[in-house]
Each structure stands twice: as C-alpha cells, then as structure tokens.
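Asks: Fold the following, please.
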Amino acid sequence: MIVIDGSMGEGGGQVLRSSLSLSAVTGQPVRISNVRGRRPRPGLLRQHLTALLAAQQICDGHVTGAALGSREVTFRPGTVRAGEYSFSVGTAGSTSLVLQTVLPVLLHADGPSKITLRGGTHSPSSPSFDFLTTAYFPALRAIGYRVDGRLNHYGFFPAGGGEIEIDILPTGERRALVLEERGYEISRRLECVISNLSRHIAKRELGVAGSALNIPEDARQITERHSTGPGNVLCADLEFANITAHFTEFGVQGVSSEKVASNLSKAAGTFLESSATVTPHLTDQLLLPMALAKGGFLTTLGPNLHAQTNAEVIGRFLDRRITFEKGSNCFNCVVGSA
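Replies: I've put the predicted structure just below:
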C-alpha cells in the first residue's frame, strides 16, 4: 500500500484528488493521512468527500474514512467501470475539482462514459467550466483523450446550483504532449458573465481589462445568465496557433469592478510578456494526464506549489520523472521516464 502524507507540499485537496485518480488507474491501494493538513479547516470538506465517493463508485473500491472532517482515508480500488454517473457536490462545492479526480480514471475505462455533476461551476480557487472547455479539454484531445462537456446551469459561489455534463470516450492512441511554442497570435477576447447583477458592473470590468490588454470593443462580450444566486466572472482568452490561454477573475463582494479587471489584466499581461506556452494553472492540471500517457514537454511561467506537489504525488505511483528547469523568462517542464 502506498502511504501519502496529505500535508505534503501545498497540503490541500490536490494531494487527495491525484492520489485517488492514480490509485484507481494503477490498481494500487493508498492511505492518505493528514488530509488537507495545511488548510485552516483540515480534513474532508463536501467536495472532497464527493470526489472520494465518486472514485469509489466508478471502480467499485473499498474506502475507510469517508466522512466530513475525516483526516485519514484508505482507498482500495477495484475494477474501473465505464457508464453513466451522476454526482452532487451540494451548495457551491466545485464540480471541476470532483471531475479532476474521476476524469483520468474514466479516460482509462473500457468504454464511453457520461458524468453529470451538480454544484459550483464558477467558484474562486477552482477551475471554472470555461477553463475546462477552452484550455483543458483541447490539451487533453491533443494527447489523444476524447472528452467534451456542456454547461446546463451556472452555479456561482456561494449559492451553487449549477450542472455540467461531461462525455468521455477512451482511446488507445495516446501521444506525448509537446508545446514548445505558442505559434502566431490569432485573437484576444474578453467575456464578462453576470447573474442577477447590473450590466454596469460588466461594462466597467470590460472597459478596464479591454484597455489594459489592447482588446478591441467588438471582442468584448457581456453575457447575462440566471442562476440560483448572484454571480460575476470575467474571462480572457488569448488564442494562438498552438494553444489558447484562459484567464478568469471572479467578482466578490467588497472588491471593485476595476480591481477585478486589474487582477485579470495583470495575470494575462505577465503571460504575454513571457514565452510560456501554458499558464501555471493549466500546467498543474496537465501533469497527471501527461504522465498517464506518453509524457511530453511544455513551458510555463513557473511551477506553482500545486504543480510541484502534483509531480511528487505522481512519482509515488508511476515510473515518471517530472522536472522544471528555469529558462530565460519561463520554465521548461519535462514529463519523462524516471
């Protein structure tokens, strides 16, 4: 049995999610102690418990410690089963983080699957649904994985109430992901999504971010949606020949529209000033599917603590070595054999 200290590295839910995914795919049982040991509220929260129970159901596994607040979990995987699954996180717990756990597993099943997830679709500190469809899924398809998704209902923090559907069709033809250059720039786009809020908020955010990132008026869009509670998310897509970089900033109570737009512009501007092909958040997300396929190479602004922790967890299960080497204005990331 592989033993993982859940307080290692960033010490959050990433350790749990990657451990569960890798355990289910490789068939190696795992014990995770000190679950989310570096967080103010350690132990399993609702979205982590949902991910654990989802992994258990998909591979007919045996679990101990499956309770809210639990700080130690044991997971013994069985046989992965393709099929239709539905999981509800409740409130605004992140659907994308539950998906992060079960998607790598079902990508290695023996047939197509469909997952319906209910909860938060646009929540701070987790990938938004837009990130999945614009940046993450296209990269997975470049590896050879076949995955697509639909957003049925928006679920903003803190009300939640969202729903997404994901279609997964495994394939045996997996390739190394090699992203050495972005390629020529195709477009820059801004979208501000608001729910139960004034359009004036969106106009202010688009104005500030559009000017800072040199995005023309006709590439700025306001999208109004109705959800369980109010919500505001500002997104920037920088499309290049080989990759699309996606940036998200959420509006929260007490933070001005101008500050929201400034934060997004700063992150996107830093990326544009570098030669990186992949954003730090996408780097973190891609390490596990790359390691489960044929590895690869990409460049990124820098390995955040999530990525470094993910690399360490992957090394406990797979014969893979993940390295980050500093270049002139970004880092080279290599996922290769140990």
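
Asks: could you say which helix or strand contains Ala51?
Replies: The secondary structure element spanning Ala51 is helix 46-59 (assigned by DSSP states H and E).

Asks: What is that helix packed up against?
Replies: On a contact count with 3 or more C-beta pairs under 8 Å, 6 or more residues apart in numbering; DSSP states H and E, helix 46-59 meets helix 13-26, strand 62-64, strand 73-76, strand 84-88, helix 95-106. All C-beta spots, glycine's among them, are computed from the backbone N, C-alpha and C.

Asks: Packing partners of the shortest one?
Replies: This points to strand 62-64. Using 3+ C-beta pairs under 8 Å, 6+ apart as the contact test, the elements touching strand 62-64 are helix 46-59, strand 73-76.

Asks: and those as JSON lines, adding mean neighbour count?
Replies: As requested, these are arranged in JSON lines below (neighbours: other C-beta atoms under 10 Å):
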{"stretch": "helix 46-59", "mean neighbour count": "22"}
{"stretch": "strand 73-76", "mean neighbour count": "21"}
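
Asks: Nearest to Ser125, out of the ones you listed?
Replies: Ser125 lies closest, by C-beta to C-beta, to one member of the helices and strands packed on strand 62-64: helix 46-59, at 10.9 Å.

Asks: Could you export that closest one as CSV, CA atoms only?
Replies: As requested, C-alpha coordinates have been extracted for helix 46-59 and formatted as CSV (Å, rounded to 0.1, in the frame of the first residue of the first chain):
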residue,chain,number,x,y,z
ARG,A,46,-18.0,18.3,1.0
GLN,A,47,-16.4,18.4,-2.5
HIS,A,48,-13.5,16.2,-1.3
LEU,A,49,-15.9,13.6,0.2
THR,A,50,-17.9,13.7,-3.1
ALA,A,51,-14.7,13.0,-5.1
LEU,A,52,-13.8,10.1,-2.8
LEU,A,53,-17.2,8.5,-3.1
ALA,A,54,-17.3,9.1,-6.8
ALA,A,55,-13.9,7.4,-7.2
GLN,A,56,-15.2,4.5,-5.1
GLN,A,57,-18.3,4.0,-7.2
ILE,A,58,-16.5,4.2,-10.5
CYS,A,59,-14.0,1.5,-9.6
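
Asks: one step back: looking at the helices and strands packed on helix 46-59, which is nearest to Tyr136?
Replies: Nearest to Tyr136 among these is helix 95-106 (8.8 Å), distances taken as C-beta to C-beta.

Asks: Tell me how far the next helix or strand after that closest one lies from the chain's centre.
Replies: Past helix 95-106, heading to the C-terminal end, the next element that is a helix or strand (DSSP H and E) is strand 113-119. Averaged C-alpha coordinates place strand 113-119 at 15 Å from its chain's average position (C-alpha atoms, centre = their mean, to the nearest Å).

Asks: So which other helices or strands are in contact with the next helix-or-strand element following strand 113-119?
Replies: Once strand 113-119 ends, the next helix or strand along the chain (criterion: DSSP H and E) is helix 129-131. Where contact means 3+ C-beta pairs under 8 Å, 6+ apart, helix 129-131 is packed against helix 95-106, strand 244-250.

Asks: deepest of those, which one?
Replies: Comparing these by mean neighbour count (mean count of other C-beta atoms under 10 Å), helix 95-106 comes out on top with a mean of 26.

Asks: Nearest residue to the middle of this protein?
Replies: Note on the chain: the residue nearest the mean C-alpha position is Pro127, at 4.4 Å, using C-alpha atoms, centre = their mean.
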